[in-house]
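[1] Curious how this folds, go ahead:
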Amino acid sequence: MSFISSTLVEFEQSDLIPVESGKLLAQMRKMKAFYYELYDSFLRGEKYIVRYMFYTLSAVKRVTRAQLRKQFAAISRKAESVLPEDMQTLQEEVGGREIVLYTDGSFSQEEALQSLRQAGLPQPVQIFTETEAGTLPELKKAVFYAFRKDAFLLLAHNPELLSQPLFYQIVEEYQIPLRSLTFPWMCRRNLKLMQAMTLYQLTVDN
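    I've put the predicted structure just below:
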């Protein structure tokens, strides 16, 4: 399941130079895109063409109970896990990577940034904060942005975020390194077991 759509847009230029930022931002607003990047540039006849890829959020379909059961059945019964005391420190795991920060709205950006400072981590290159419930649009953007930038994703959230099946679908879309600032047990290696527990609680027959 893909949560991101991409569209290639051409711009005619007087030379093979990047398009001015004002035009790109106007195109972003027009398309409701959240990210763009230079794709290629070339000469077509006597015209210079510069192409950019724009990324937008795809519509999310409602997941049925049967689909949740199918997701649960697909998880390996040998899903691995690691205890918090056996995990690397945040500093060790982040290493020299840049940080992308996501908050689910239950923590202010300042609270999340304070947690980063206490962990001895640098300021994030980008912050995504959820402002609406349901489809987690800012999480989708954060995961995609971290993937494109080869960055480390850190999350500040309340427990309810981890009880949503959609959360696991989103973070599984791109296999980026991630950790939680508020739930020390969460890391990439523990996600499958956490997802299994969430799906079991939602699909078990009463």
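[2] Nearest residue to the middle of this protein?
    Residue closest to the average C-alpha location in the chain (CA atoms, centre = their mean): V143, at 1.3 Å.
[3] Let me see the domain layout of the chain.
    4-57, 65-203 (automatic domain parsing).
[4] Where among those domains is average confidence lowest?
    By mean pLDDT, the lowest-scoring of these turns out to be domain 65-203, with a mean of 88.
[5] Please state the offset of that one from the chain centre?
    On the basis of CA atoms, centre = their mean, to the nearest Å, the separation between the geometric centre of domain 65-203 and that of its chain is 9 Å.
[6] Give the residue farthest from the middle of this protein.
    Here the centre of the chain is the reference, and by CA atoms, centre = their mean the most remote residue is E46, at 40.7 Å.
[7] Over to the closest residue to E80 other than its chain neighbours: give its phi and psi.
    Spatially, and ignoring its direct neighbours in sequence, E80 is nearest to R189 (5.8 Å; CB to CB, 6 or more residues apart in numbering). Using the backbone N, CA and C atoms, a C-beta is placed for each residue, glycine as well. Reported as degrees, to the nearest 10, the phi and psi values for R189 are phi -70, psi -20.
[8] roughly how far apart are R189 and A66?
    In this structure, R189 lies at 29 Å from A66, with CB to CB, to the nearest Å as the measure.
[9] Tell me which of those two has more neighbours.
    Relative neighbour count places R189 above the other of R189 and A66, with 13 against 9, counting by other CB atoms under 10 Å.
[10] my read: the more buried one touches L83, true?
    No - contact criterion CB atoms under 8 Å: R189 and L83 do not qualify, at 10.5 Å.
[11] Among the domains of the chain, show me which one is buried the most.
    Among the domains of the chain, judged by mean count of other CB atoms under 10 Å, the one packed with the most neighbours on average is domain 65-203 (a mean of 16).
[12] end to end, how far does that domain reach?
    One end of domain 65-203 to the other measures 7 Å (CA to CA, to the nearest Å).
[13] for stretch 77-94, same thing?
    One end of stretch 77-94 to the other measures 29 Å (CA to CA).
[14] which outside residues touch it?
    If you take CB atoms under 8 Å, 6 or more residues apart in numbering as the criterion, stretch 77-94 is touched by 119-121, 152, 154, 177, 179, 184-185, 187, 189-190, 192-193, 196.
[15] rerun at 6 Å
    The contact list for stretch 77-94 (CB atoms under 6 Å, 6 or more residues apart in numbering) reads A119, G120, F152, P184, W185, C187, R189, N190, K192, L193.
[16] tell me which element S115 falls in.
    Secondary structure here is read from DSSP states H and E; on that basis S115 sits in helix 109-118.
[17] And the helices in this protein?
    Applying DSSP state H to the chain gives helices spanning 21-31, 65-74, 90-94, 109-118, 137-149, 165-173, 191-203.
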